[in-house]
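Peer 1: okay, structure incoming, though there's no sequence with it:
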């Protein structure tokens, strides 16, 4: 990580999050994995790290729910554009994130309703003062749970706004969604997934909360698969763009965005759970059908069950593969027992028949 110290700030440049949640694929294909003991988000993380080995920016975007198609189209352009601005050179991850975040406008209902931007006449000192006040409010609400990307020194004068940091904002942060409760399927054994967090970024040219400028926001963690994390991001984007248009200039809005994520995650995760259950049921049925076919083939080759018994096994419904296996073994054992009993009966009948006979010594 690259850190820059100014008179009043310590800035983390282009910081990749430790709260990883790499995802890929669409809704159902995401679940086409063989290892049922590893949650989907861990499998997606491993796959992403394999596909984008040594590509930090790609992994950074992947963790935040952006699909591979968008990342693959964007990456070649970053090499060219990083020389255009100091912000791009020091924070390439955020340059890429800003590009994809703003690109969401084409998939939302707010694209055609954006008003003309007002003139940029708000003094920089006023912007910094309002941001400082909003930072203090968030710090009071979330305390140490906030991870600030720009640290403000305690010796800043209370009656004087701190100067703007170079390459970052005093509102840049990672904030937990405290209402989020991950479902059991996101756990690996007893280990829960990373926290679901909202990241906030304000480039140097961003005038939030003035001039209809929106912060760059990103969701990361929670164990939520990519397509669903991306859908949450789309809903968040619509909320953000609506708020920055409707709100009065200078009104703090970040807490509203955090609250919005806390309201939308449950419906998204429940919907993902329905899809996951259907896919798991289909996989279970496929495994069962495969086991049944293999077992019937094995028993048929051994010649240990009759054709009628094979039909009986095929038409019987079992609660589990183990139950089916035990039933097949019992059929074989039953057949062996019946054969033994039949043989014993034959010998008994022969003995009784012999007892009724009279034998004569012919002297021969």
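Peer 2: Structure received. Since we're looking at a predicted model, the values are computed, not measured.

Peer 1: quick one: low-confidence ranges for the stretch 1-150 of the chain?
Peer 2: 1-36, 79-92, 110-120 (pLDDT under 70).

Peer 1: now with 90?
Peer 2: Within the stretch 1-150 of the chain, the ranges that satisfy pLDDT under 90 run 1-48, 51, 53-56, 75-95, 105-124, 150.

Peer 1: how about residue 107, nearest residue that isn't a chain neighbour?
Peer 2: Nearest residue to residue 107 in three dimensions, chain neighbours excluded: residue 234, at 6.2 Å (C-beta to C-beta, 6 or more residues apart in numbering). Every C-beta, even on glycine, is put in place using the N, C-alpha and C of the backbone.

Peer 1: mind checking the SS state of the one you found?
Peer 2: Assigned with DSSP: H, G, I helix; E, B strand; the rest coil, residue 234 falls in the helix class.

Peer 1: where does it land on pLDDT?
Peer 2: Looking at residue 234, its pLDDT reads 95.

Peer 1: could you give the number of residues near it?
Peer 2: 13 (other C-beta atoms under 10 Å).

Peer 1: likewise for the one 5 residues further on?
Peer 2: The local packing of residue 239 (other C-beta under 10 Å) involves 21 other residues.

Peer 1: test my guess that the residue nearest to residue 107 contacts residue 103.
Peer 2: No - counting by C-beta atoms under 8 Å, residue 234 stays clear of residue 103, with 11.1 Å between them.

Peer 1: show me what contacts residue 249?
Peer 2: Contact analysis of residue 249 by C-beta atoms under 8 Å, 6 or more residues apart in numbering lists 118, 122, 209, 210, 211.

Peer 1: returning to that earlier point: tell me the spacing between the residue nearest to residue 107 and residue 268.
Peer 2: 10 Å (C-beta to C-beta, to the nearest Å).

Peer 1: kindly list the longest helix within this structure.
Peer 2: With secondary structure taken from DSSP state H, the chain has its longest helix at helix 254-302.

Peer 1: so which elements touch that one?
Peer 2: With contacts taken as 3 or more C-beta pairs under 8 Å, 6 or more residues apart in numbering; DSSP states H and E, helix 254-302 sits against helix 124-142, strand 197-201, helix 226-246, helix 307-314, helix 321-355.

Peer 1: give me the angle between the next helix or strand after the shortest one and helix 226-246.
Peer 2: Under the assignment DSSP states H and E, the closest C-terminal helix or strand after strand 197-201 is strand 216-220. If you take axes from the mean of the first three to the mean of the last three C-alpha atoms, to 10 degrees, strand 216-220 sits at 150 degrees to helix 226-246.

Peer 1: that concludes my questions; thank you for your assistance.
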